[in-house]
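Participant: Build the 3D model from these lines:
(chains A, B, C and D)
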Protein chains: 2
Amino acid sequence: MATLELTDITAGGRADLCCAPLVREPLSAAAADDLARKLKALADPARLRLISIVAASEGAEACVCDLTEPIGLSQPTVSHHLKVLMDAGFLTRSKRGTWAYYKLVPEAVAELSALLSSP
Amino acid sequence: MATLELTDITAGGRADLCCAPLVREPLSAAAADDLARKLKALADPARLRLISIVAASEGAEACVCDLTEPIGLSQPTVSHHLKVLMDAGFLTRSKRGTWAYYKLVPEAVAELSALLSSP
DNA sequence: TGGATGTATCGAAGTTCGTCGATATAGATC
DNA sequence: GATCTATATCGACGAACTTCGATACATCCA
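Facilitator: Predicted structure coming up:
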């Protein structure tokens, strides 16, 4: 769950949101690793565009076949980026027939935003 | 200025914040590049810890000499990471005598948070 | 002036990342 | 079952990144 992970990352386990963990106290090495892994998943132009296209689609969901062309990258590369985003928790996948539909996980993006936001 | 850059990134130049650009409409290639560059600057455990230590210091400002030891990396490496964060606009530097003090730019972090936040 | 100290830059080594073509897999259709 | 289509995985290559030791630069102090 998003909120659970958010409390985990505060090193102290406290849930008071006076400030974002990033600017409230020094991050533990583990918390920094965890946050860096999520940021790294997002820190690529192709992946940002993929997320924004998925988010702007009907039901915040899109098929791979709709993503390859606007991104301008090969199908294996798009598939790779989608997997990275899925492993980081930003997308979920559901297969319907031959097609794979990727759906946004808004809480994951919102959680990241909250981790960076100031009081 | 932070807000200026924020409107720039919306591709349309509109400043209405119904949703964050990321989840409102497909990002242009240029906007994706710009956002990715900022996220990449933050997407490293050492840099996240540096930022959080600086942010938690007196006046959101810290000297390099205070940063090398808690991070556990060599002085040149810490200096390199600080430069990356400065180039991305998250820190500013001011030399006072022999010492270099790095200071947090809260608006830069806040802007990134806003770009990711949902309605 | 000369040595000591804090910081930045340089060059190199090792690793990770983004991308592709080729290929494997799974589901649909005939 | 044979074939076609959509997607995932594999292996490889080049680029970018993280880190370090060595060194240059700048400032202070004796």
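Participant: Let me know the distance separating the residue most central in space within chain A from residue B:44.
Facilitator: Nearest to the geometric centre of chain A sits residue A:90, at 3.1 Å (C-alpha atoms, centre = their mean). Residue A:90 sits 19 Å away from residue B:44, going by C-beta to C-beta, to the nearest Å. Where C-beta positions appear, they are placed from N, C-alpha and C, glycine not excepted.
Participant: follow-up on the earlier one: tell me the pLDDT at the residue nearest to the centre of chain A?
Facilitator: In this model, residue A:90 is scored at 98, pLDDT.
Participant: Excluding chain neighbours, what is closest to it?
Facilitator: residue A:108 (4.9 Å; C-beta to C-beta, 6 or more residues apart in numbering or on different chains).
Participant: Then residue A:39?
Facilitator: Excluding the flanking residues, the one nearest residue A:39 by C-beta to C-beta, 6+ apart is residue B:43, at 3.7 Å.
Participant: unless I'm mixing things up, that neighbour is touching residue A:43, no?
Facilitator: Yes. If you go by C-beta atoms under 8 Å, residue B:43 and residue A:43 touch, sitting 4.4 Å apart.
Participant: how about the strands in chain A?
Facilitator: Using DSSP state E, the strands of chain A run over residues A:61-63, A:91-96, A:99-104.
Participant: So for chain B, which of those sits nearest?
Facilitator: Smallest distance to chain B across the strands of chain A (C-beta to the nearest C-beta): 7.1 Å, for strand A:99-104.
Participant: quick one: low-confidence parts of chain A?
Facilitator: A:1-20, A:119 (pLDDT under 70).
Participant: Pull up the residues of it that are close to DNA strand D.
Facilitator: With C-beta under 7 Å from any atom of the strand as the criterion, chain A meets DNA strand D at residues A:63-65, A:68, A:75-76, A:79-80, A:82-83, A:93, A:98-100.
Participant: ranges for the helices of chain A?
Facilitator: Applying DSSP state H to chain A gives helices spanning A:2-8, A:21-24, A:29-42, A:45-56, A:64-71, A:75-87, A:106-116.
Participant: can those go into a markdown table with extra columns for mean neighbour count and distance to residue B:118?
Facilitator: Shown next, in a markdown table, are the helices of chain A (neighbours: other C-beta atoms under 10 Å in any protein chain shown; distance: least, C-beta to C-beta, whole Å):
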| stretch | mean neighbour count | distance to residue B:118 |
| --- | --- | --- |
| helix A:2-8 | 14 | 12 |
| helix A:21-24 | 23 | 19 |
| helix A:29-42 | 20 | 15 |
| helix A:45-56 | 23 | 9 |
| helix A:64-71 | 16 | 21 |
| helix A:75-87 | 16 | 17 |
| helix A:106-116 | 20 | 5 |
